[in-house]
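Undergrad: Here's my sequence, what's the structure:
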Amino acid sequence: MIKKYNRTLAVDYAKKWALSHNPNYFYFDGIGGDCTNFVSQCLLAGGGVMNFDKYYGWFYVNQAVRSPSWASVNYLRRFLLDKTLKGPLAEIKAVEKLEIGDIVQLRQNVLDFNHSLIVSKIEDKKIYVCAHSVASLDRPLSSYEFEEAVGLHILGTRI
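TA: Below is the predicted model:
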């Protein structure tokens, strides 16, 4: 069964915490970056359900007790695209076809994708994002330098 994703709640959360951090979560800035941790929090706010599977899950209890997919760009993408796991579910979509609350991941001069952002606004066909690592509130996606971008359209939450 798929539960509807509340894009508005996800984006409201993103805008509230884009320029600071929620004290209920560890702030990973300085030890690999906080971008995917922030995006995971937004997904949870939009109705995501944690999956506490030790190896394949998506969850956060504290800094030491969390899944790799909670705070790692590539593990999050793998988790979201797996059609069998409980939790948020996504499909790859062209970035220009994304909606608010969807996720963009960037590859910047490296082999793997290394930055996660949440689409916070679309205006005149321009995409704006909120992100951590470099705190960003409604920043134009076009202002980022990157080699490749992948869009992750959130379909809902498998419960």
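Undergrad: Okay, and the beta partners of residue 51?
TA: Beta-bridge pairing for residue 51 (DSSP bridges): residue 58.
Undergrad: quick one, helices of this protein?
TA: Remark: helices assigned in the chain by DSSP state H are 7-17, 35-45, 68-71, 73-81.
Undergrad: gap between the residue nearest the centre of the chain and residue 71?
TA: Taking Cα atoms, centre = their mean, the centroid of the chain lies closest to residue 39, which sits 3.1 Å from it. Distance of residue 39 to residue 71, given as Cβ to Cβ, to the nearest Å: 9 Å. For glycine as for every other residue, the C-beta is placed from the backbone atoms N, C-alpha and C.
Undergrad: Please enumerate residues in contact with stretch 134-148?
TA: Identification of contacts with stretch 134-148 by Cβ atoms under 8 Å, 6 or more residues apart in numbering yields 15, 18-20, 95, 104, 106-109, 113, 115, 117, 119-121, 126-131, 149.
Undergrad: Can you tell me which of those residues are buried?
TA: Buried subset of the contacts of stretch 134-148 (neighbour count, 16 or more other Cβ atoms under 10 Å): 15, 18, 95, 104, 106-107, 113, 115, 117, 119-121, 127-131, 149.
Undergrad: Among those residues, which ones are in strands?
TA: Judged by DSSP state E, strands contain the following of the buried ones among the contacts of stretch 134-148: 104, 106-107, 115, 117, 119-121, 127-131, 149.
Undergrad: just curious, which of those residues is nearest to residue 11?
TA: residue 120 (5.2 Å; Cβ to Cβ).
Undergrad: so what's that closest one closest to, chain neighbours aside?
TA: The spatial neighbour of residue 120 that comes closest, neighbours along the chain excluded (Cβ to Cβ, 6 or more residues apart in numbering), is residue 130 at 4.5 Å.
Undergrad: Which elements pack onto the worst-scoring helix or strand of the chain on mean pLDDT?
TA: Using mean pLDDT, DSSP states H and E, the weakest-scoring helix or strand in the chain turns out to be strand 2-3, at a mean of 94. Strand 2-3 sits against strand 148-158, with contacts defined as 3 or more Cβ pairs under 8 Å, 6 or more residues apart in numbering; DSSP states H and E.
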